[in-house]
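Trainee: based on what follows, work out the 3D shape:
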Amino acid sequence: MLSEAQMKVGQEFPLTIKKMGINGEGIGYFKKTIIFVKGALTDEEVVVQVTKTAPNYSEAVVRKIRKASKNRVVAPCPVYEACGGCQLQHVSYPAQLQFKKDILIQALKKHTNFNTDKMKIRETIGMENPFRYRNKSQFQARMNQNGAIETGLFSADSHELVPTNDCLVQDERTVQITNSVRDLLNQYGLSAYDETSGQGFIRTIVVRVGVVTDEVQLVFITTSENFPKKQEILTEIKALHPEIVSIMQNINREATSLIFGEKTILLEGKTSIDEAIHEFHFDLSARAFFQLNPKQTSRLYDEVADALTLTGTEKLVDAYCGVGTIGLSLADKVSEVRGMDVIQEAVLDAQNNAAKNGIKNAHYVTGTAEDVFQKWRSEGYTPDAVIVDPPRTGLDASLTQAILGARPKQVVYVSCNPSTLARDLALFEKRYRIRYLQPVDMFPMTSQVECVVKLTLKSNQKQKIKS
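Mentor: Below is the predicted model:
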């Protein structure tokens with residue numbers, strides 16, 4: 001056998017997969033080198049080929065499966081291996097749910113000193129049908145060799161477009177409208193953005209569906225405000241898809257991987273669509289954050305509500321509030337809701353959503369969660385309960401310290417990244433008891449896992465507040 005120092009790209013060797021990593025890859029060991037193997041499952045015996053080497057690890061792909069896992073299934077998507085959107089279609093769904101719980105445990109072991117055997121980590125809440133759940137699509141546009149616009153998703157870890165006319169985790173309406181609009185753009189001779197030259201007009205076609213209301217919003221992400229053949233295209237879109245009630249244009253001139261630019265203008269209809277969760281209705285503008293899986297969102301918000309003990313007198317902070325969905329769903333159970341978000345359009349939506357639902361005890365402002373929370377504290381405001389639903393980067397350190405300093409009796413942490421969740425929980429554990437972790441599968445077929453964590457202030461911290 002070759003030594004690890006001699007390992008080279010293209011080298012093949014047998015490997016037993018010991019576990020799965022956070023991105024859904026199999027993990028095995030070649031002597032003392034860790035090998036990440038795309039598409040391999042725990043306990044499988046495979047022959048792998050090295051695709052990348054580094055000082056402390058190598059990456060490989062499966063060349064042959066000698067002993068397959070009982071959890072292996074045939075991925076139903078024809079472009080699954082090329083597309084970077086899903087990572088787990090080759091894994092049975094029950095095994096996916098167990099994997100997501102295991103990922104939480106791995107993160108806690110890596111980033112904390114917690115005894116995970118004694119922690120209450122519940123089974124992952126899954127879906128009856130784990131396909132066709134995404135209510136929003138963002139398909140990139142590129143020119144093909146024939147000079148026509150193609151739409152699709154990027155391959156994993158690249159900007160190489162994988163053209164596709166369907167995506168099995170998307171609501172069928174989103175892909176149908178994307179395909180129809182793409183064909184219209186080709187019919188009228190428009191061009192797609194080229195990253196190398198910076199030329200071209202259409203960057204991305206975004207479609208969002210109100211699953212409860214059936215309202216649809218279409219957003220063109222373009223490199224300039226000048227829209228060739230605009231009126232003709234809009235007329236045809238309205239004729240083909242009367243369900244589209246909002247057509248927006250967002251301008252992104254920057255050489256960036258970010259989809260949206262700062263400026264958004266109305267092309268046709270209204271600036272937002274209506275969607276409902278439980279009995280509450282929400283306006284969603286083009287850039288507003290809203291959970292992509294409506295069915296699981298209802299389950300997620302139920303879990304947030306269950307994690308709180310409310311009497312009706314509490315002051316509640318909804319940090320990273322988005323369009324206000326979590327806080328507004330709890331407004332009738334508390335005396336006051338305060339929320340903040342960095343996206344001004346989302347805050348305006350939250351304010352409108354409060355008015356739309358007749359909620360008068362909810363107040364929303366624009367700003368970073370850490371700045372706004374500390375400003376409120378300096379003004380003498382102390383919440384009884386705090387809900388945090390941060391981006392994948394987790395909580396800003398200053399916000400964590402501000403919450404710890406405020407000592408609200410209850411904190412509910414909604415996380416989309418087990419690693420940053422574990423990091424933040426290690427800090428909260430100094431003053432809060434971690435009651436349980438409830439993973440929720442918001443994104444079946446992917447390696448992503450959402451988690452609701454219930455934290456309550458330790459009794460000795462309550463005494464400090466009184467003193």
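Trainee: how about the contacts made by the residue most central in space within the chain?
Mentor: Taking CA atoms, centre = their mean as the criterion, Cys416 is the residue nearest the geometric centre of the chain, at 6.5 Å. Listed by CB atoms under 8 Å, 6 or more residues apart in numbering, the contact partners of Cys416 are 391-392, 442, 448-450. All C-beta atoms are positioned from the backbone trio N, CA, C, and that covers glycine.
Trainee: cool, and His90?
Mentor: 39, 41, 72-75, 80.
Trainee: which one of those sits closest to Lys18?
Mentor: Nearest to Lys18 among the contacts of His90: Leu41, at 10.9 Å, using CB to CB.
Trainee: how about the strands of the stretch 51-200 of the chain, start to end?
Mentor: 57-67, 136-143, 149-154, 161-163 (DSSP state E, counting those that start in this stretch).
Trainee: returning to that earlier point: can you name the two of the contacts of His90 that are farthest apart?
Mentor: Of all the pairs that those form, the one spanning the most space (CB to CB) is Leu41 and Tyr80, at 14.7 Å.
Trainee: wait, Gln296 sits on Val440?
Mentor: Yes. Using CB atoms under 8 Å, Gln296 is in contact with Val440, at 6.1 Å.
Trainee: output the lowest mean pLDDT helix or strand found in the chain.
Mentor: The helix or strand of the chain with the poorest confidence is helix 459-466; it has a mean of 61 (mean pLDDT, DSSP states H and E).
Trainee: compare Leu41 and Tyr80 and say which is more crowded by neighbours.
Mentor: Per other CB atoms under 10 Å, whichever of Leu41 and Tyr80 has more neighbours is Leu41, with 26 against 19.
Trainee: do you know how far that one is from Leu104?
Mentor: Distance of Leu41 to Leu104, computed by CB to CB, to the nearest Å: 19 Å.
Trainee: cool, Ala305 as well?
Mentor: Counting by CB to CB - Ala305 and Leu104 are separated by 21 Å.
Trainee: next up, the contacts around the residue lying closest to Gln89 once chain neighbours are set aside.
Mentor: The shortest distance from Gln89 to any non-neighbouring residue, by CB to CB, 6 or more residues apart in numbering, is to Ala75 (3.7 Å). By CB under 8 Å, 6+ apart, the contact set of Ala75 is 81, 86, 89-90.
Trainee: which among those residues gets closest to Asp183?
Mentor: Looking across those and measuring by CB to CB, the closest to Asp183 is Cys86, at 25.3 Å.
Trainee: for Lys100, see how far away the closest one is.
Mentor: 14 Å.
Trainee: more neighbours: these two, which one.
Mentor: Neighbour count, other CB under 10 Å: between Cys86 and Lys100, Lys100 has more, with 28 against 23.
Trainee: tell me the buried residues in stretch 32-43?
Mentor: Under the neighbour-count criterion of 16 or more other CB atoms under 10 Å, stretch 32-43 has 33, 35-42 buried.
Trainee: and the longest helix seen in the chain, what does it pack onto?
Mentor: The longest helix of the chain (DSSP state H) is helix 93-111. The contact analysis (3 or more CB pairs under 8 Å, 6 or more residues apart in numbering; DSSP states H and E) places helix 93-111 against strand 19-20, helix 418-428, strand 432-440.
Trainee: who's Ile48 bridged to?
Mentor: If you look again at residue 48, you'll see it is Val, not Ile. Legend: beta-bridge partners of Val48 under DSSP bridges are Phe13, Val62.
Trainee: what is the burial count for His159?
Mentor: 10.
Trainee: domain ranges for the chain?
Mentor: The chain is divided into the following domains under automatic domain parsing: 4-67, 136-274, 293-466.
Trainee: ok, which of the ones you listed comes nearest Lys118?
Mentor: Of all the domains of the chain, domain 293-466 sits nearest to Lys118, with 10.4 Å by CB to CB.
Trainee: before we move on, back to that, got the buried residues for the longest helix of the chain?
Mentor: Of the residues in helix 93-111, those buried by neighbour count under the rule 16+ other CB under 10 Å are 93, 95-108, 111.
Trainee: check stretch 252-269 too.
Mentor: In stretch 252-269, counting by 16+ other CB under 10 Å, buried: 252, 260-261, 264, 267-269.
Trainee: could these go into a markdown table alongside distance to Asn56 and secondary structure?
Mentor: Output for the buried residues of stretch 252-269, formatted as a markdown table (distance: CB to CB, whole Å; DSSP: H, G, I helix; E, B strand; the rest coil):
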| residue | distance to Asn56 | secondary structure |
| --- | --- | --- |
| Asn252 | 37 | coil |
| Phe260 | 36 | coil |
| Gly261 | 39 | coil |
| Thr264 | 44 | strand |
| Leu267 | 51 | strand |
| Glu268 | 54 | strand |
| Gly269 | 54 | strand |
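Trainee: from these, which is closest to Lys356?
Mentor: Checking the buried residues of stretch 252-269 one by one against Lys356 (CB to CB), the nearest turns out to be Gly269, at 17.7 Å.
Trainee: what is the closest one paired to in the beta sheet?
Mentor: Gly269 has the following beta-bridge partners by DSSP bridges: Ser246.
Trainee: pull the contacting residues for it.
Mentor: Contact analysis of Gly269 by CB under 8 Å, 6+ apart lists 244-247.
Trainee: mind checking how far Val452 is from Val209?
Mentor: In this view, Val452 and Val209 are 25 Å apart by CB to CB.
Trainee: let me fix that: Asn129
Mentor: From Asn129 over to Val209 the distance is 16 Å, taken as CB to CB.
Trainee: which residues touch Lys430?
Mentor: Contacts of Lys430 were listed using CB under 8 Å, 6+ apart, and they are Leu404.
Trainee: isn't there a strand covering it?
Mentor: No. Counting by DSSP: H, G, I helix; E, B strand; the rest coil, Lys430 falls outside a strand, being coil.
Trainee: against Asn460, how distant is it?
Mentor: 11 Å.
Trainee: how about the helices of the chain, start to end?
Mentor: Secondary structure of the chain (DSSP H): helices located at 93-111, 172-187, 230-240, 294-307, 325-330, 344-356, 369-378, 397-406, 418-428, 459-466.
Trainee: want to throw these into JSON lines with distance to Leu284?
Mentor: Shown next, in JSON lines, are the helices of the chain (distance: least, CB to CB, whole Å):
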{"stretch": "helix 93-111", "distance to Leu284": "27"}
{"stretch": "helix 172-187", "distance to Leu284": "14"}
{"stretch": "helix 230-240", "distance to Leu284": "19"}
{"stretch": "helix 294-307", "distance to Leu284": "11"}
{"stretch": "helix 325-330", "distance to Leu284": "10"}
{"stretch": "helix 344-356", "distance to Leu284": "7"}
{"stretch": "helix 369-378", "distance to Leu284": "21"}
{"stretch": "helix 397-406", "distance to Leu284": "26"}
{"stretch": "helix 418-428", "distance to Leu284": "26"}
{"stretch": "helix 459-466", "distance to Leu284": "39"}
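Trainee: considering the ones you listed, which stretch scores lowest in mean pLDDT?
Mentor: Ranked by mean pLDDT, the helices of the chain bottom out at helix 459-466, which scores a mean of 61.
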